[in-house]
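J.: whatever this is, show me its structure:
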Amino acid sequence: MITIKPLEEIEIMAEGGRILAGIMDELQKMVKPGITPKELDRTAEELIFKSGAKPAFKGYDGFPTVLCVSVNQVIVHGLPSDLKLKQGDICSLDLGLKWKGYFADMAITVPVGEVSPEAQRLIRVTKKALKRGIKKVRPGNTIGDIGNTIQRYVESQGFSVVRDLCGHGIGRELHEDPQIPNYGQRHKGEKIKEGMVLCLEPMVTVGDWQIKKSKDGYGFETRDGSLSAHFEHTIAVTKDGSRVLTSLK
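T.: Coordinates of the predicted model:
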């Protein structure tokens, strides 16, 4: 069931979203050759508790850490390891927190030092796909309008959108209805209504869109081993359009 949030609940989620965006900003500054994903995870946990919030992912379906760190071909849900990040890697950070009973969720993909032109373009296209999807978040549009916009843009750039993973509603639960695929048909699916809060999260690959489970038992990675990028924001639907809640502004 899709829940409609009143303005006072959305304002609480915006508070949590700003806290989350601030923490993510600190984490991305730490991403450089030589750091380990476990170090990033420890810092994320310290910053969340320092803020007065609670981590969203730790213990969720048995996930043992606060932060998901997905490197290169790993798309999402990568388990932080002791392996040092190296020059040329790309690193996706996915973090959620709970603030005053409500969840916020976001993800970014960060280059590790100098990366290849292809990796730079993948990150740029995935980030732009999220922006284009957000523009479709307005009353009267449909979930299919969001997915279609993301898919058409990504495929026009020669990349693929992951089909087996999707965005979601969010609120008192980390994952709520509706599911939000990154592909679809215009005017299809649930109607978007004022008061919905949605997580849009394009997951884009250089190669094929098919996925497999990672050896760590938690992550999902590209079946063909190609690079993948991931961006996510928590977005409230207003009468005038979209309001990004996981923003420092």
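
J.: by contact count, what packs against the lengthiest helix in the chain?
T.: The residue-count maximum for a helix in the chain (DSSP state H) belongs to helix 7-30. Contacts defined by 3 or more C-beta pairs under 8 Å, 6 or more residues apart in numbering; DSSP states H and E place helix 7-30 against helix 37-51, strand 90-99, strand 102-111, strand 233-238, strand 241-244. (Glycine included, C-beta is placed from N, CA and C.)

J.: try 10 Å this time
T.: Applying 3 or more C-beta pairs under 10 Å, 6 or more residues apart in numbering; DSSP states H and E, we find helix 7-30 packed against helix 37-51, strand 67-71, strand 90-99, strand 102-111, strand 197-200, strand 233-238, strand 241-244.

J.: could I get the buried residue list for stretch 92-110?
T.: For stretch 92-110, burial by neighbour count (16 or more other C-beta atoms under 10 Å) applies to 92-99, 102-110.

J.: scratch that, stretch 132-140
T.: Buried residues in stretch 132-140, counted by 16+ other C-beta under 10 Å: Arg132, Gly133, Ile134, Lys136, Val137, Arg138.

J.: and the first one, what is it in contact with?
T.: Pointing back at Arg132 there. Ile146, Thr149, Ile150, Arg152, Tyr153, Val154, Leu200, Pro202 (C-beta atoms under 10 Å, 6 or more residues apart in numbering).

J.: let's see it at 6 Å
T.: With contacts defined as C-beta atoms under 6 Å, 6 or more residues apart in numbering, Arg132 is in contact with Thr149, Tyr153.

J.: one more: Met1?
T.: The contact partners of Met1, by C-beta under 6 Å, 6+ apart, come to Asp177.

J.: any weak-confidence spans in this structure?
T.: Counting by pLDDT under 70, not a single residue of the chain qualifies.

J.: please tell me how far the residue nearest to Cys68 when sequence neighbours are not counted sits from Met30.
T.: Leaving aside its sequence neighbours, Cys68 sits nearest to Asp94 (C-beta to C-beta, 6 or more residues apart in numbering; 3.9 Å). Using C-beta to C-beta, to the nearest Å, Asp94 is found at 15 Å from Met30.

J.: and what of Thr149?
T.: Thr149 sits 33 Å away from Met30, going by C-beta to C-beta.

J.: more neighbours, these two?
T.: Each of Thr149 and Met30 has its neighbours counted (other C-beta atoms under 10 Å); Thr149 has more, 20 against 14.

J.: now find how far off-centre the host helix or strand of the more buried one is within its chain.
T.: Here Thr149 sits within helix 143-156, counting by DSSP states H and E. Mean-position distance between helix 143-156 and its chain equals 16 Å (C-alpha atoms, centre = their mean, to the nearest Å).

J.: immediately after that helix, which helix or strand?
T.: Helix 143-156 is succeeded, C-terminally, by strand 160-161 (DSSP H and E).

J.: show me what that following strand is in contact with.
T.: Gln151, Val154, Asn182, Tyr183, Val204, Thr205, Trp209.

J.: so the last one touches Leu165, yeah?
T.: No: when contacts are counted by C-beta atoms under 6 Å, Trp209 is not listed as touching Leu165 (9.8 Å).

J.: so what's Gly113 up against?
T.: By C-beta under 6 Å, 6+ apart, the contact set of Gly113 is Pro33, Gln87.

J.: what about it, distance to Ile90?
T.: Computed as C-beta to C-beta, the Gly113 to Ile90 distance reads 10 Å.

J.: for Ile48, same thing?
T.: Distance from Ile48 to Ile90, counting by C-beta to C-beta: 24 Å.

J.: ditto for Leu200
T.: On the measure of C-beta to C-beta, Leu200 and Ile90 end up 20 Å apart.

J.: then Gly167?
T.: Computed as C-beta to C-beta, the Gly167 to Ile90 distance reads 20 Å.
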